[in-house]
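Novice: Sequence first, predicted model second:
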Amino acid sequence: MLQRQVELAQYTSFAFTTRLLQAGVNASVGSVGDAYDNAMAESQIGVYKTELIRPEGPWHDVEHVEHETLNWVHWFNHERTHESIDDLTPVEVEAAHYAAGNRLLPTG
């Protein structure tokens, strides 16, 4: 007898939600249970595809995509300035936030 495979969205949702909770982050996912229901995640994935995946192919294998994704994420956080945060990098804004003595309060 063949058994139906576990729905990947259900596994991803469970693993994703568990990891967020372990990190102290309240999950914000849609009723279907995947991160694509989250508008911010969907927007970021669109930027990733537009800036890296589509123009930089063809991709040789999964390891090639993973390696270049790590490079892109590092660049995005450490070198790319963002207009919405006064043309600073996310790392600079985070450092300034903590240098000012700001504390993130737990939610929930």
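Specialist: On my side now, so go ahead. Note that the coordinates shown come from a computational prediction; the quantities given were computed from them, not determined experimentally.
Novice: Can you identify the element that follows the top helix by length along the chain toward the C-terminus?
Specialist: Using DSSP state H, we find that the single longest helix of the chain is helix 62-78. Downstream of helix 62-78, the first helix or strand assigned by DSSP states H and E is helix 90-99.
Novice: outside of that next one, which residues touch it?
Specialist: Helix 90-99 is touched from outside by 76-78, 82, 85, 88, with contacts defined as Cβ atoms under 8 Å, 6 or more residues apart in numbering. For glycine as for every other residue, the C-beta is placed from the backbone atoms N, C-alpha and C.
Novice: ranking those by neighbours, who comes first?
Specialist: Within the contacts of helix 90-99, Phe76 tops the neighbour count with 17 neighbours, counted by other Cβ atoms under 10 Å.
Novice: just to revisit the earlier point, so the longest helix of the chain versus helix 90-99, what angle?
Specialist: Interaxial angle, helix 62-78 versus helix 90-99 (axes from the mean of the first three to the mean of the last three Cα atoms, to 10 degrees): 50 degrees.
Novice: Need the three-state assignment for the spatially most central residue of the chain.
Specialist: For the chain, the residue nearest the mean C-alpha position is Ala41 (6.3 Å; Cα atoms, centre = their mean). Following DSSP: H, G, I helix; E, B strand; the rest coil, Ala41 is assigned to helix.
Novice: Mind pulling up the pLDDT for it?
Specialist: Listed pLDDT for Ala41 reads 73.
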